[in-house]
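# Below are the sequence and a predicted model for it; my questions follow.
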Amino acid sequence: QVQLVESGGGLVQPGGSLRLSCTASGFTFTFSTYAMSWYRQAPGKERELVAAITTAGGSTNYADSVKGRFTISRDNAKNTVYLQMNSLKPEDTAVYYCSAQRAVWTSRYWGQGTQVTVSS
């Protein structure tokens, strides 16, 4: 079955950096045909889109709150998508989820999430 496994979360001080990874397996179609994205959900808040990347990585988009600080990338040979997070702020604290979708009319797949805590 489809599995998205996130890693790289943890506790970091404000201003610090983390790199999240998400490795996919079990897709019916090749990984490169899936658009990938990162979402996050803070306590008491709705899940929100953080960053997304197209199949070949030619186009990305970001939430306004993370523009200039976060970078999404993918390595299709490794079935992996990354989220480089720099200049982290306490308001970035959340559970971060990896997501995959092949087309808007198909199922969206989710990972189990990884906790990111930004605190001094």
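Nice, I can see it.

# What number of neighbouring residues does Ala56 come out with?
Using other C-beta atoms under 10 Å, Ala56 has 10 neighbouring residues. Heads up, the C-betas are built off the backbone N, CA and C, glycines and all.

# cool, and Val116?
The burial count assigned to Val116 is 22, neighbours taken as other C-beta under 10 Å.

# Name the nearest residue to it, sequence neighbours excluded.
The shortest distance from Val116 to any residue other than its chain neighbours is 4.8 Å, reached at Gly9 (C-beta to C-beta, 6 or more residues apart in numbering).

# Next, find the distance separating the one you found from Arg102.
Applying C-beta to C-beta, to the nearest Å, the value for Gly9 to Arg102 is 26 Å.

# just the strands in the chain please.
Here the chain has its strands, by DSSP state E, at 3-7, 10-12, 18-25, 35-41, 48-53, 60-62, 70-75, 80-85, 94-101, 108-110, 114-118.

# can you pull the contacts of Trp38?
Shown in contact with Trp38 (C-beta atoms under 8 Å, 6 or more residues apart in numbering): 20, 22, 49-52, 72, 81, 83, 96-99.

# Isn't the residue nearest to Val116 up against Ala94?
No: Gly9 sits out of contact with Ala94 when judged by C-beta atoms under 8 Å, with a separation of 9.7 Å.

# which of these two has more neighbours?
More neighbours sit around Ala94 than around the other of Gly9 and Ala94, counting by other C-beta under 10 Å; the figures are 22 against 18.

# beta partners of the more buried one?
Val116 (DSSP bridges).

# before we move on, back to that, show the model's pLDDT score for the residue nearest to Val116.
According to the prediction, Gly9 has pLDDT 96.

# do the same with Arg102
As summarised for this prediction, Arg102 has a pLDDT of 91.

# what about it, neighbour count?
By the other C-beta under 10 Å criterion, the neighbourhood of Arg102 contains 16 residues.

# Spatially central residue in the protein, please.
When the chain is reduced to its mean C-alpha position, the nearest residue by C-alpha atoms, centre = their mean turns out to be Trp38, at 2.6 Å.

# quick one: that one from Val95, how far?
Applying C-beta to C-beta, one obtains 11 Å for the distance of Trp38 from Val95.
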